[in-house]
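Asker: Dropping a prediction and its sequence here:
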Amino acid sequence: MEHTEAAQAQDRARTLGALGEDEVLRRILARVAAPAGTAVGPGDDAAVSTPAGPLVSTADMLVEGEDFLAEWLDPRALGRKAAAQNLADIAAMGADPHGLLVSLAAPADTPIETIEAIYDGLAAECARAGTGILGGDLSGSAVLTLAITALGTLPAPAGTGAPAGSARPWLRSAARPGDAVVLAGTVGRAEAGLDLLFAGFRAASAPAGCAELIEAQLAPRPDYASARALRGWARAAIDVSDGLAGDLGRMARASGVRIDLDPAALDRLARPLLPAARALNPAGDAAAHRERARGWALAGGEDHGIIAAGAAPTPGPPQRGTPVGWEPIAACSAGDPGVYLAGRPVGLKSFSHFRENG
């Protein structure tokens, strides 16, 4: 009994409430690095940095119970996901990351190890994207919440020798009739992984081909390098955070174009999702598995692949490989704005936090 009570007391001593804000901040600051060239980084009242060009800004949140469940919590993966979903938005504007501002709120009984792992994940994803953490805030809350503001800068136009900042941002409203549409990264994998998690599967014991889908949900890995490779060609882009069909639809409506999705491209995107379809419906036939996989590819968000449009033809042959690469998936034409597959409109809606059930 005494041993148990001592262990519980030791655990309580390592919570945010027991350590206090100053000690928690000290431990966080020891785990993060500011972007290169930052004059004043985390630890002062405000950061001081010099953007290389016009500033590009975005913000996103992850709220326990709304965006993730405590029973799935992998703190390091959560940190990576929080950084990735913001850095993907910067990449989808054709910009380079400048740094993150990270605000975290958590219950007082949260173990310090959970917070340290979250910041390890944030730092790791920042390093993968070539940036760091400028600063942030810390507060208490009934549920774990991460709110991030990502800053980026527009580069020089590719191959022009022009000064940094003179490139135009990629806008979802800039696609034109005759443009080709490509995808840098993946779609559907995080959604398939989410369904696997809801069904009780976990990455450590998942059937063959399913662990990477679960990991895509817990810690997506946007293909920043492939997005950068499209500079000089792309003029419109959008981060696929809410589903391929839904985000293509947003581009189509904003640009006033019809977008025809290539059925063969959809099948290619769905193929890696088939193991999840088989795991979730072992009695189903091949047609049922294919249809479910295609549904994930069309409607699944949170992989944070990046759709880009530019003048046809595409900027060369498909670049498939490491990390992921890009490939053509659709074409723009004049017509009623919307997304079409085999000549028929795709009516799927993108994800909404405020859509009522039913």
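Answerer: Thanks, I have it.
Asker: Show the low-confidence segments of the stretch 151-300 of the chain, by residue range.
Answerer: The model of the stretch 151-300 of the chain has pLDDT under 70 over residues 158-166.
Asker: One more pass at 90, please.
Answerer: 156-167 (pLDDT under 90).
Asker: Okay, helices next: where are they in it?
Answerer: For the stretch 151-300 of the chain, the helices defined by DSSP state H, counting those that start in this stretch cover 189-198, 211-218, 224-229, 244-255, 263-270, 274-280, 286-299.
Asker: tell me the angle of the fourth one relative to helix 263-270?
Answerer: Comparing the axes of helix 244-255 and helix 263-270 via axes from the mean of the first three to the mean of the last three Cα atoms, to 10 degrees yields an angle of 130 degrees.
Asker: What segments of the stretch 101-250 of the chain are strands?
Answerer: Taking DSSP state E, counting those that start in this stretch, the strands of the stretch 101-250 of the chain run over residues 133-140, 145-153, 179-184, 234-240.
Asker: Not counting the first one itself, show me its contacts.
Answerer: Put plainly, it is strand 133-140. Strand 133-140 is contacted from outside by 16, 21, 24-25, 28, 32-35, 38, 41-44, 46-47, 49, 98-108, 122-123, 126, 151, using Cβ atoms under 8 Å, 6 or more residues apart in numbering. Any C-beta I mention is one placed from the backbone N, CA and C, and that applies to glycine too.
Asker: can you rerun that using 6 Å?
Answerer: 32, 42, 47, 99-105, 108 (Cβ atoms under 6 Å, 6 or more residues apart in numbering).
Asker: For residue 340, which of the helices of the stretch 151-300 of the chain is the nearest?
Answerer: Closest of the helices of the stretch 151-300 of the chain to residue 340 is helix 244-255, at 9.2 Å (criterion: Cβ to Cβ).
Asker: Just the buried residues of the closest one, please?
Answerer: Using 16 or more other Cβ atoms under 10 Å as the test for burial, helix 244-255 gives 244-252, 254-255.
Asker: How about stretch 108-119?
Answerer: In stretch 108-119, counting by 16+ other Cβ under 10 Å, buried: 110-112, 114-119.
Asker: And stretch 82-91, by the same measure?
Answerer: 82-91.
Asker: what is the nearest residue to residue 130 once chain neighbours are set aside paired to in the beta sheet?
Answerer: Of all residues not flanking residue 130 in the chain, residue 97 sits nearest, at 6.4 Å (Cβ to Cβ, 6 or more residues apart in numbering). Beta-bridge partners for residue 97, by DSSP bridges, are residue 152.
Asker: From here on, call the first residue 5.
Answerer: Happy to do that; since the first residue is 5 now, the last one works out to residue 101.
Asker: doesn't residue 153 make contact with residue 90?
Answerer: No: with contacts counted by Cβ atoms under 6 Å, residue 90 stays clear of residue 153, the gap being 7.6 Å.
Asker: ok, back up a step: which among the helices of the stretch 155-304 of the chain is found nearest to residue 134?
Answerer: helix 228-233 (7.7 Å).
Asker: Now the closest one - C-alpha only, PDB.
Answerer: The C-alpha coordinates for helix 228-233 follow below in PDB (Å, rounded to 0.1, in the frame of the first residue of the first chain):
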ATOM      1  CA  TYR A 228       6.600  19.600 -48.900                       C
ATOM      2  CA  ALA A 229       9.500  18.800 -51.300                       C
ATOM      3  CA  SER A 230       7.100  17.700 -54.100                       C
ATOM      4  CA  ALA A 231       5.000  20.900 -53.600                       C
ATOM      5  CA  ARG A 232       8.200  23.000 -53.900                       C
ATOM      6  CA  ALA A 233       9.000  21.100 -57.100                       C
END
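Asker: How about residues contacting that helix?
Answerer: Taking Cβ under 6 Å, 6+ apart as the rule, helix 228-233 contacts 95, 133, 188, 310, 329-330.
Asker: Neighbour-wise, which one of these leads?
Answerer: In terms of neighbour count, residue 95 stands highest of the contacts of helix 228-233 at 32 neighbours, by other Cβ atoms under 10 Å.
Asker: Check it and give its pLDDT.
Answerer: On the pLDDT scale, residue 95 is placed at 97.
Asker: Quick check: the closest residue to it other than its chain neighbours vs residue 285, distance?
Answerer: Nearest non-adjacent residue to residue 95, counting by Cβ to Cβ, 6+ apart: residue 231, 4.4 Å away. Residue 231 sits 34 Å away from residue 285, taking Cβ to Cβ, to the nearest Å as the criterion.
Asker: out of the two, which sits in the more crowded spot?
Answerer: The neighbour comparison of residue 231 against residue 285 (other Cβ under 10 Å) goes to residue 231, with 26 against 12.
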